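**Student:** need coordinates for the below:
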Amino acid sequence: MQPSRHFAFSAALGLAISPWLGVAGGLGCLLGGTLIDVDHVADYVLDRGGWQGRPAFERYFYGNQMRRLVLVLHGFDLLLIAGLALVWIGPRPALAPWLWGAWLGASLHLLCDWWSNPLRPGGYFFLFRAFQGFRPERLLDPARVERQRVRLGLV
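**Tutor:** Predicted structure coming up:
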């Protein structure tokens with residue numbers, strides 16, 4: 001999913017949860033739902049040996065030029081661990097609204113990605129990607145990749 005859509009969905013959810021979690025929770029949601037994509041940049045920089053500009057970055061992902069799909073923050077399994085940690089911490093700490101908001105934003109982000117991106121069903125579990133050696137040819141659904149390329153005008 002495009003970053004602008006993640007921003008819009010996260011902002012909408014942030015507004016929706018702010019009556020319960022306050023402004024801090026709403027801002028946490030916006031940040032958690034958008035900044036989670038920093039792992040895409042990390043994968044790109046590590047694979048390419050540095051930043052080569054946004055057009056090269058977009059070709060790398062949308063043109064299916066990845067050699068590995070680590071995406072350390074994109075995992076429902078890791079999100080579950082974070083959610084359990086938040087439950088264990090409880091509502092007392094001052095950062096709780098920020099953290100819950102960020103967790104909700106990241107959850108929405110992963111659900112949107114899972115719905116719209118061409119990874120196979122298990123691809124949004126970090127351990128599944130690890131067992132597949134983080135290899136794109138094992139993680140991406142070729143038919144969905146082609147549909148995404150057509151939708152983005154890359155064909």
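
**Student:** touching the helix or strand of the chain with the lowest mean pLDDT from outside, list them.
**Tutor:** When the helices and strands of the chain are scored by mean pLDDT, DSSP states H and E, helix 142-151 comes last with a mean of 84. For helix 142-151, contacts defined as Cβ atoms under 8 Å, 6 or more residues apart in numbering pick out Y62, G63, N64, N117, P118, L119, V155. (C-beta placed from N, C-alpha, C; glycine too.)

**Student:** of the residues you listed, which is the nearest to P136?
**Tutor:** The closest of the contacts of helix 142-151 to P136 turns out to be N64 (Cβ to Cβ; 6.9 Å).

**Student:** which two from the contacts of helix 142-151 end up farthest apart in space?
**Tutor:** The span of the contacts of helix 142-151, defined through Cβ to Cβ, is set by L119 and V155 at 19.5 Å.

**Student:** neighbour count winner among these two?
**Tutor:** The neighbour comparison of L119 against V155 (other Cβ atoms under 10 Å) goes to L119, with 21 against 9.

**Student:** that one and L139 touch, don't they?
**Tutor:** Yes - assessed by Cβ atoms under 8 Å, L119 is found in contact with L139 at 5.6 Å.

**Student:** tell me the buried residues in the least confident helix or strand of the chain?
**Tutor:** V145, Q148 (16 or more other Cβ atoms under 10 Å).
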